[in-house]
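1. Just the structure for this:
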Amino acid sequence: MLTLRANGSLTACPAATPVCCASRAAASSGPKRCQSNESSVAASTAKIWGSDASKRVMASGLQVHGGIGFTWEHDLHLFLKRAQLDQLTFGDAAYHRVRLAALLRERVEAGASVI
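-> Alright, predicted model coming up:
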């Protein structure tokens with residue numbers, strides 16, 4: 001996500017940076033690696049980044065819209081509920097950190113590289 005500065009230059013939005021990192025991590029596994037656990041590592045990494053980013057963005061948006069009294073009337077409320085439901089359904093960042101640690105532990109014990 002790009003934002004336009006007062007001097008006319010474009011800059012990356014700090015809230016979008018973790019989302020870009022998550023999409024890069026998921027896309028890096030590619031269809032060729034679906035048979036190995038590399039796609040599971042990429043998916044958990046993307047979920048960690050995405051879940052943490054959504055919490056920060058939603059908390060910031062809730063503060064802004066709650067401060068002016070438009071929390072329930074704004075679509076942000078719908079997005080917040082959906083993000084919370086997705087975390088319950090697909091696992092939150094804490095679950096995926098444990099999952100990622102288990103996947104990487106298998107690699108370390110096998111003597112493979114984790115990078």
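2. Flag every buried residue along the lengthiest helix in the chain.
-> Across the chain, the longest stretch assigned as helix under DSSP state H is helix 38-67. Residues of helix 38-67 classed as buried by neighbour count (16 or more other Cβ atoms under 10 Å): 38-51, 53-55, 57-58, 61-62, 65. The C-beta positions use only the backbone N, C-alpha and C, and glycine is treated the same way.
3. just stretch 89-109 next, same as before
-> Residues of stretch 89-109 classed as buried by neighbour count (16+ other Cβ under 10 Å): G91, D92, A93, H96, R97, R99, L100, L103.
4. For the closest residue to the second one other than its chain neighbours, give me its contacts.
-> Spelled out, that is D92. In this structure, D92 finds its nearest non-sequential neighbour in S51, 5.5 Å apart by Cβ to Cβ, 6 or more residues apart in numbering. Residues near S51 by Cβ atoms under 8 Å, 6 or more residues apart in numbering: Q87, D92, A93, H96.
5. Among those, which one lies nearest to A110?
-> Closest approach to A110 among those (Cβ to Cβ): H96, at 21.2 Å.
6. Wait, a helix at that closest one?
-> Yes. Looking at H96 with DSSP: H, G, I helix; E, B strand; the rest coil, it is inside a helix.
7. Surely it touches D52?
-> No. In this structure, H96 is not within contact of D52 by Cβ atoms under 8 Å, at 10.0 Å.
8. isn't K47 right next to A94, touching?
-> No. Using Cβ under 8 Å, K47 and A94 do not qualify as a contacting pair, with a distance of 10.7 Å.
9. quick one: F79 from G66, how far?
-> 14 Å (Cβ to Cβ, to the nearest Å).
10. swap in H96?
-> H96 is 28 Å from G66, by Cβ to Cβ.
11. again with K81
-> Applying Cβ to Cβ to K81 and G66 gives a distance of 15 Å.
12. Put the alpha carbons of stretch 107-115 into PDB.
-> What follows is stretch 107-115, C-alpha atoms only, in PDB (Å, rounded to 0.1, in the frame of the first residue of the first chain):
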ATOM      1  CA  ARG A 107      14.700 -29.900   9.900                       C
ATOM      2  CA  VAL A 108      17.300 -29.200  12.500                       C
ATOM      3  CA  GLU A 109      17.100 -32.700  13.900                       C
ATOM      4  CA  ALA A 110      17.500 -34.100  10.400                       C
ATOM      5  CA  GLY A 111      20.600 -31.900   9.900                       C
ATOM      6  CA  ALA A 112      19.100 -29.700   7.200                       C
ATOM      7  CA  SER A 113      19.300 -26.000   6.900                       C
ATOM      8  CA  VAL A 114      16.400 -23.900   8.200                       C
ATOM      9  CA  ILE A 115      17.100 -20.900   5.900                       C
END
